[in-house]
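**Q** Structure here, sequence nowhere to be found:
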């Protein structure tokens, strides 16, 4: 409790500030910027206890110490929270308000909760330099994001492509590969899916027949997603499979659309021993089929809209939700005499870590970051000792992830975030078929120009289309939150300007964080630091233990199991804990479940412990294991 008395005086006297003109060796660390989606929890308390311990030790050891605080705008999470708040309190959606008014509402919310986070950090005694506190959507960080995008685009590191994305139907946006959690399903399993009243069946292999065009027979295929047959554009067999050699080069007839579909041979995809040995190919809705479609020049037919409903390409199934269509398509096959049965099928199911909805592979033109070269440099930095990871055990995880990295989709279909500085060019007088529509299948990807400002983009378009009149339409999408977070170690130092802070305090000395964001954040900071500054952004990475609840579950606002460190410092009653659940965005069932857990874990509430006791306990626990329950 001593800190509560002295903290304001220490801050006023500038004890937490470095000397930019000092000849002492620098020690630099940046705070992992907490999301502005609410209050800090006990996991943040651990992070700051460890960092404050290190920073105070270095400061007392004579180093010119800088610890930079900040908060993250948390695109998907923050927009979702504010949308729910508006719906609950005013009965309106963001579309009712329009983009500009909605963003004003988000900034109001951020001002309220961002300040709350800073108050918590002060109460926990974090000796950061508050004069340097930043927000990933503030003006200087926004300039850094624009500069990074333009430079990476001009170097070919950022590109536009029409590829499969991980589509979150509930949030109506793409999410990155590492925001997809996979669950193993042993066989037929019913799972509750957001937006559906009844559980949805997974882990079942459905077999059905495609009739041959010449009426000489049929070919039977099997799938775990029967609804996707509406977008099938081929059936593949192994070239050495004797059962199907007589069908090479023949065609089948799609029973719904009556389209003529080729039978192709593909040794890379087809396993002769799995199922019937014949594979339906849906290039617009499956990653493996996408590659087959590219190899064989197949048609790509998207059957879903952004809400996960069957679109015009689904014929009589148009408008049906994807998992309702799963049932009605099977019924159609049965009525047509083409159904051949089901089998249990162990499988992995991709779930959005954001919304808990089932991820849908969807074909969309988006912006991508080519990660191969950056990932290779990041691996080499660890191998040659330029970057040290502590504990060393995590080096294997680092290499495994980066050596298998795929390109990163950075487009997000949101309003809250850094709007992408790319503009679509439409030349005056040309028809829609020539011009295309950005973000749609008709988009002409060569029509994009990029600029830090609209004036820069107009100059680029004028150079590309000399003597022509044109209009520019800025991309409606925003950048993945992790793009701006990846710039954090150097954007806080004033990059892209050549500031004194960049010369004195960059690269940083240490990055201290939880091992759960080694991929989400740490790897991206290293990749982007190497790409944009030609240096690793810090020399060491120290990964601390994860704080979980009493039952081993990760603390999450969506589960209602987070503990505010101020409640441990000052104490809180059981009723007070219950009241905190009502201020969030949990639905009634989740509030009831979380209340029951609180009643079991804290029947008498939480006793007042004080700041120092909390910090000492957390630091002591983190030396013992990878997880703290």
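**A** Looks like it arrived, so ask away. If you're wondering where the values come from, they're calculated on a predicted model, not measured in any experiment.
**Q** So which other helices or strands are in contact with the longest helix seen in the chain?
**A** Ranked by residue count, the top helix of the chain under DSSP state H comes out as helix 99-123. On a contact count with 3 or more Cβ pairs under 8 Å, 6 or more residues apart in numbering; DSSP states H and E, helix 99-123 meets helix 2-12, strand 70-71, helix 75-90, helix 565-570. (Each C-beta comes from the backbone N, C-alpha and C, glycine too.)
**Q** any idea how far the second one is from the chain center?
**A** Averaging C-alpha positions (Cα atoms, centre = their mean, to the nearest Å) puts strand 70-71 19 Å from its chain's average.
**Q** Kindly report the same for stretch 184-201.
**A** 23 Å.
**Q** With stretch 435-454 instead?
**A** So, by Cα atoms, centre = their mean, the centroid of stretch 435-454 is 23 Å from its chain's centroid.
**Q** Could you tell me the end-to-end distance of it?
**A** Taking Cα to Cα, to the nearest Å as the measure, stretch 435-454 stretches 20 Å from start to finish.
**Q** tell me the SS of residue 547?
**A** Classification of residue 547 using DSSP: H, G, I helix; E, B strand; the rest coil returns strand.
**Q** before we move on, the earlier item: identify the residues contacting the longest helix of the chain?
**A** Helix 99-123 is contacted from outside by 4, 7, 11, 34, 36-40, 44, 48, 69, 71, 73, 78-79, 81-82, 85-86, 94, 97, 128, 130, 133, 135, 137, 415-416, 564-566, 569, 611, using Cβ atoms under 8 Å, 6 or more residues apart in numbering.
**Q** And the average pLDDT for it is what?
**A** For helix 99-123, mean pLDDT rounds to 88.
**Q** How about stretch 614-629?
**A** For stretch 614-629, mean pLDDT is 76.
**Q** in the stretch 101-250 of the chain, which spans are helices?
**A** Here the stretch 101-250 of the chain has its helices, by DSSP state H, counting those that start in this stretch, at 139-154.
**Q** which residues of the protein score low on pLDDT?
**A** Within the chain, the stretches with pLDDT under 70 are 1-4, 114, 557-558, 584-586, 623-629.
**Q** who are the neighbours in contact with the most far-flung residue of it relative to its centre?
**A** In the chain, the residue that sits farthest from the middle, by Cα atoms, centre = their mean, is residue 216; the gap is 48.9 Å. Listed by Cβ under 8 Å, 6+ apart, residue 216 has no contact partners.
**Q** switch to numbering from 572
**A** Noted, 572 is the first residue going forward, which turns the last one into residue 787.
**Q** separation between it and residue 818?
**A** Distance, residue 787 to residue 818, by Cβ to Cβ, to the nearest Å: 9 Å.
**Q** Give the residues shared as contacts by the two.
**A** Between them, residue 787 and residue 818 share no contacting residue, judged by Cβ under 8 Å, 6+ apart.
**Q** Give the helix, strand or coil label for residue 975.
**A** coil.
**Q** Give the burial count for it, as a bare number.
**A** Neighbour count for residue 975, taken as other Cβ atoms under 10 Å: 8.
**Q** Which residue ranges of the stretch 972-1121 of the chain form strands?
**A** Ranges of strands in the stretch 972-1121 of the chain, per DSSP state E, counting those that start in this stretch, are 979-980, 982-983, 993-998, 1019-1021, 1041-1045, 1049-1050, 1079-1085, 1109-1115, 1117-1118.
**Q** Identify, out of those strands, the most deeply packed stretch.
**A** Of the strands of the stretch 972-1121 of the chain, the one with the most neighbours on average (mean count of other Cβ atoms under 10 Å) is strand 982-983, at a mean of 25.
**Q** by contact count, what packs against it?
**A** Other elements packing on strand 982-983 under the criterion 3+ Cβ pairs under 8 Å, 6+ apart are strand 744-746, strand 931-940, strand 1049-1050.
**Q** Given that strand, what are its sheet partners and their directions?
**A** If you go by DSSP bridges, strand 982-983 pairs up with strand 1049-1050 (antiparallel).
**Q** quick one: residue 1193 and residue 1115 touch, right?
**A** Yes. Look at residue 1193 against residue 1115 with Cβ atoms under 8 Å: they come within range, at 5.0 Å.
**Q** which residues do those two both contact?
**A** Common contacts of residue 1193 and residue 1115 (Cβ under 8 Å, 6+ apart): 617, 621.
**Q** quick one on the thing from earlier: so how far is residue 656 from the residue farthest from the centre of the chain?
**A** As judged by Cβ to Cβ, residue 787 and residue 656 stand 62 Å apart.
**Q** ok, now residue 1046?
**A** Plainly put, residue 1046 is 27 Å away from residue 656 if you go by Cβ to Cβ.
**Q** Repeat that for residue 1051.
**A** Counting by Cβ to Cβ, the separation of residue 1051 from residue 656 is 23 Å.
**Q** Between these two, tell me which one has more neighbours.
**A** It is residue 1051, of residue 1051 and residue 656, that has more neighbours when counted by other Cβ under 10 Å, with 27 against 14.
**Q** Isn't the more buried one up against residue 983?
**A** Yes. Residue 1051 lies in contact with residue 983 (Cβ under 8 Å); the separation is 5.5 Å.
**Q** Identify the contacts common to those two.
**A** By Cβ under 8 Å, 6+ apart, residue 1051 and residue 983 have these common neighbours: residue 646.
**Q** For residue 1010, what are phi and psi?
**A** When read as degrees, to the nearest 10, the backbone of residue 1010 gives phi 80, psi 0.
**Q** mind listing what it touches?
**A** Shown in contact with residue 1010 (Cβ under 8 Å, 6+ apart): 935, 936, 1046, 1047, 1048.
**Q** Ranking the helices and strands packed on helix 670-694 by mean neighbour count, which comes first?
**A** Highest mean neighbour count among those (mean count of other Cβ under 10 Å): strand 641-642, with a mean of 24.
**Q** Alright, calling it a day.
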